[in-house]
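Participant: Sequence unavailable; structure follows:
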Ligand SMILES: [Zn+2]
């Protein structure tokens, strides 16, 4: 969020995605990368500001969204003013996250960014504001992320050196089979994702 401060110009404030503390007193023209004063982690300023605005627009769009947005027979220019505002706020959030993803985001923030992109891509594609291929890419990315999380979680539990009752249960052949299925699904989906990436031929490929 940009807050005007009469004596010092624009005072930029946002929450550190690593530690949750507020970052302030930054001059946007100083540098691209800054360090959080609380946790010391490096942050790309342009990406953080783009994410901040995108989150704001996404929440705003969700609050305004009406069932009209799901109506495939209605064109955006026939929407009510609320539905139009919601659609354009979704569009701003979408382009904002694309901008934010030009630099590497912290893992949890990146996961959230992908989740939002998959959601908005479905809406924008319904109204021909992005191509079906582009929507497929973000949705596939979201699916890959979900499968990878489940696989890594299972891997971590199975590799614990002091098995608890739960991890002993996980050594049951059923869970070994699940691990194999997840790994195969992940390989398949990642291949499909790479194919979509090639077909889309991004100028500014997302940093994922
Ligand atoms: Zn921090």
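Facilitator: Cool, got the structure. Given the structure is predicted, the values throughout are model-derived calculations rather than measurements.

Participant: Could you list the residues of the chain in contact with the ion?
Facilitator: Within the chain, the positions near the ion by Cβ under 5 Å from the ion are 16, 18, 19, 36, 38, 39. Using the backbone N, CA and C atoms, a C-beta is placed for each residue, glycine as well.

Participant: Pull the most distant pair out of those residues.
Facilitator: 18 and 38 (8.6 Å; Cβ to Cβ).

Participant: more neighbours, these two?
Facilitator: residue 18 (17 against 13; other Cβ atoms under 10 Å).

Participant: how far away is residue 136 from the ion?
Facilitator: Per Cβ to the ion, to the nearest Å, residue 136 is found 35 Å from the ion.

Participant: Need the contact partners of stretch 69-85.
Facilitator: With contacts defined as Cβ atoms under 8 Å, 6 or more residues apart in numbering, stretch 69-85 is touched by 61, 64, 65, 66, 68, 86, 87, 123, 126, 127, 129.

Participant: can we see that at 10 Å?
Facilitator: Stretch 69-85 has contacts (Cβ atoms under 10 Å, 6 or more residues apart in numbering) with 60-61, 63-68, 86-88, 90-91, 123, 126-129.

Participant: Over to stretch 32-41?
Facilitator: By Cβ under 10 Å, 6+ apart, stretch 32-41 touches 12, 15-28, 42-48, 103, 106.

Participant: And for stretch 145-153?
Facilitator: The contact list for stretch 145-153 (Cβ under 10 Å, 6+ apart) reads 110-111, 114-115, 118, 178-179, 181-190, 208.

Participant: The same query, at a cut-off of 8 Å, please.
Facilitator: 111, 114, 115, 179, 182, 183, 185, 186, 189.

Participant: swap in stretch 18-30?
Facilitator: Here stretch 18-30 makes contact (Cβ under 8 Å, 6+ apart) with 9-16, 34, 36-39, 41, 43, 45, 48-49, 106.

Participant: Give me the buried positions along stretch 91-101.
Facilitator: 91, 92, 93, 94, 96, 97, 98, 99, 100, 101 (16 or more other Cβ atoms under 10 Å).

Participant: The closest residue to the last one other than its chain neighbours - how many residues pack around it?
Facilitator: This points to residue 101. Spatially, and ignoring its direct neighbours in sequence, residue 101 is nearest to residue 206 (3.9 Å; Cβ to Cβ, 6 or more residues apart in numbering). By other Cβ under 10 Å, 19 other residues sit near residue 206.

Participant: Shouldn't residue 206 be within a helix?
Facilitator: No: per DSSP: H, G, I helix; E, B strand; the rest coil, residue 206 lies outside any helix segment and is coil.

Participant: what's the closest of the residues of the chain next to the ion to residue 174?
Facilitator: residue 18 (37.3 Å).

Participant: could you point out which element follows the host helix or strand of residue 96?
Facilitator: Assigned by DSSP states H and E, residue 96 belongs to helix 81-100. Once helix 81-100 ends, the next helix or strand along the chain (criterion: DSSP H and E) is helix 107-126.
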